[in-house]
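1. Here is a sequence with its predicted model. Questions after.
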Amino acid sequence: MLERKVDPEQVAVLAELAVELQLGRPFDLRRLCRLDPEYFELGVDLMRDWRFNYHIAARSKLFEDILARDHGLQSRMCHLGSAAAH
């Protein structure tokens, strides 16, 4: 979905969910509930996979792909790294 950019707004919510899961940070599930059914189900599957540590290599690749596409996220990640160093 990231590559096809089927529905950029809904894909962005799923990408943010994946990032927050990877970073172990909170995500507002109300955002997930506003998605169309197919995107919602994908989000639930994503959470299930993360919870049970499935597809660890695929998760890392997904996180790298999201990070490569989202410059705002890149700057947030750099900010997190610099805050941890202090």
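-> Arrived safely, thanks for sending. Numbers count the residues shown, from 1 in each chain.
2. right, and the helix or strand after the host helix or strand of residue 22?
-> Under the criterion of DSSP states H and E, residue 22 resides in helix 8-23. Where DSSP H and E defines the elements, the next helix or strand beyond helix 8-23 is helix 29-33.
3. Please list the outside residues in contact with that following helix.
-> 13, 16, 17, 40, 43, 44 (CB atoms under 8 Å, 6 or more residues apart in numbering). Every residue, glycine included, has its C-beta placed from N, CA and C.
4. Count the neighbours of residue 53 for me.
-> 8 (other CB atoms under 10 Å).
5. Ignore what I typed, I meant residue 30.
-> Per other CB under 10 Å, the neighbour tally for residue 30 reads 7.
6. And it, how close does it get to residue 67?
-> The gap separating residue 30 from residue 67 is 25 Å, by CB to CB, to the nearest Å.
7. residues in contact with residue 39?
-> Taking CB under 8 Å, 6+ apart, one finds 7, 10, 11, 13, 14 in contact with residue 39.
8. Just the CA atoms of the helix holding residue 22, as PDB, please.
-> Only the C-alpha atoms of helix 8-23 are listed here, as PDB (Å, rounded to 0.1, in the frame of the first residue of the first chain):
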ATOM      1  CA  PRO A   8      -2.600   8.400   1.100                       C
ATOM      2  CA  GLU A   9      -4.500   9.600   4.100                       C
ATOM      3  CA  GLN A  10      -5.400   6.100   5.300                       C
ATOM      4  CA  VAL A  11      -2.000   4.700   4.400                       C
ATOM      5  CA  ALA A  12      -0.500   7.600   6.500                       C
ATOM      6  CA  VAL A  13      -2.500   6.500   9.600                       C
ATOM      7  CA  LEU A  14      -1.300   2.900   9.100                       C
ATOM      8  CA  ALA A  15       2.300   4.100   8.700                       C
ATOM      9  CA  GLU A  16       2.100   6.100  11.900                       C
ATOM     10  CA  LEU A  17       0.700   3.100  13.700                       C
ATOM     11  CA  ALA A  18       3.600   1.000  12.500                       C
ATOM     12  CA  VAL A  19       6.100   3.600  13.600                       C
ATOM     13  CA  GLU A  20       4.500   4.000  17.000                       C
ATOM     14  CA  LEU A  21       4.500   0.200  17.500                       C
ATOM     15  CA  GLN A  22       8.100   0.000  16.500                       C
ATOM     16  CA  LEU A  23       9.100   2.800  18.900                       C
END
